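*Asks:* What shape does this take:
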Amino acid sequence: MDDATSLDRLHDIVVPPEVPWWPPAPGWYAVMILVAAGVLAIAYRAWRHWQANRYRRAALQELQSADSAAAISEILRRTSLAIQPRSEIADLVGDRWAAWLAEAAPLPMPPQVREQLASAIYRKSETTGELNSLREYASGWIQTHETPAATNSLPEDRHGC
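*Replies:* You can find the predicted model right below:
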């Protein structure tokens, strides 16, 4: 049995050790860092968006306890002061106030609501139906109004240069 081709001289196949899952290759560290940075960026933007809409949540909460058209109009005015300078909002009264509200949100303003907002400070009492329709419009306005677009801050060219 000293034959070189004898099957007794064969050995088992030596299997290499398994490739471990950890530590990963250097490229995977870069991928993990990028994914973590992306998750953090998305979380930060979501937090900023939530913080930016804090005034909307507060206004909606106050709107639930408003018991008159004047109170609802006041809540709408305070909400609009969160997005516009006081100099642009303070002098809006009556029909101009209702028109500004109609322009600031994509909601259609019913004529009844427009009349209520225009004369809210002069009216003593409203029916429950009128108040509910005004509250419903105000809630929709608070949720959907848009922040005005940034204006061009560059000075005008007054000299024709």
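
*Asks:* can you map out the helices along this protein?
*Replies:* Using DSSP state H, the helices of the chain run over residues 26-52, 54-64, 69-81, 86-89, 94-104, 111-118, 128-144.

*Asks:* Out of those, which is the most enclosed?
*Replies:* Burial of the helices of the chain is given as mean neighbour count (mean count of other Cβ atoms under 10 Å); helix 69-81 ranks first at a mean of 20. All C-beta atoms are positioned from the backbone trio N, CA, C, and that covers glycine.

*Asks:* Report the inter-axis angle for that one versus helix 94-104.
*Replies:* Going by axes from the mean of the first three to the mean of the last three Cα atoms, to 10 degrees, helix 69-81 is angled at 50 degrees with respect to helix 94-104.

*Asks:* State the phi and psi torsions of residue 67.
*Replies:* Main-chain dihedrals, residue 67, degrees, to the nearest 10: phi -120, psi 10.

*Asks:* From residue 40, how far off is the residue positioned nearest the centre of the chain?
*Replies:* Nearest to the geometric centre of the chain sits residue 49, at 4.5 Å (Cα atoms, centre = their mean). As judged by Cβ to Cβ, to the nearest Å, residue 49 and residue 40 stand 15 Å apart.

*Asks:* Also residue 144?
*Replies:* Distance of residue 144 to residue 40, given as Cβ to Cβ: 30 Å.

*Asks:* Residue 87 is in contact with residue 81, correct?
*Replies:* No: applying Cβ atoms under 8 Å, one finds residue 81 not in contact with residue 87, separated by 10.5 Å.

*Asks:* what sits against residue 145?
*Replies:* Listed by Cβ atoms under 8 Å, 6 or more residues apart in numbering, the contact partners of residue 145 are 79, 80, 83, 104, 105.

*Asks:* which one among those residues gets closest to residue 20?
*Replies:* Ranked by distance to residue 20 (Cβ to Cβ), these are led by residue 83 at 56.0 Å.

*Asks:* What count of nearby residues applies to that closest one?
*Replies:* Using other Cβ atoms under 10 Å, residue 83 is surrounded by 15 other residues.

*Asks:* which phi and psi does residue 106 have?
*Replies:* Residue 106 adopts backbone torsions of phi -80, psi 0, taken as degrees, to the nearest 10.
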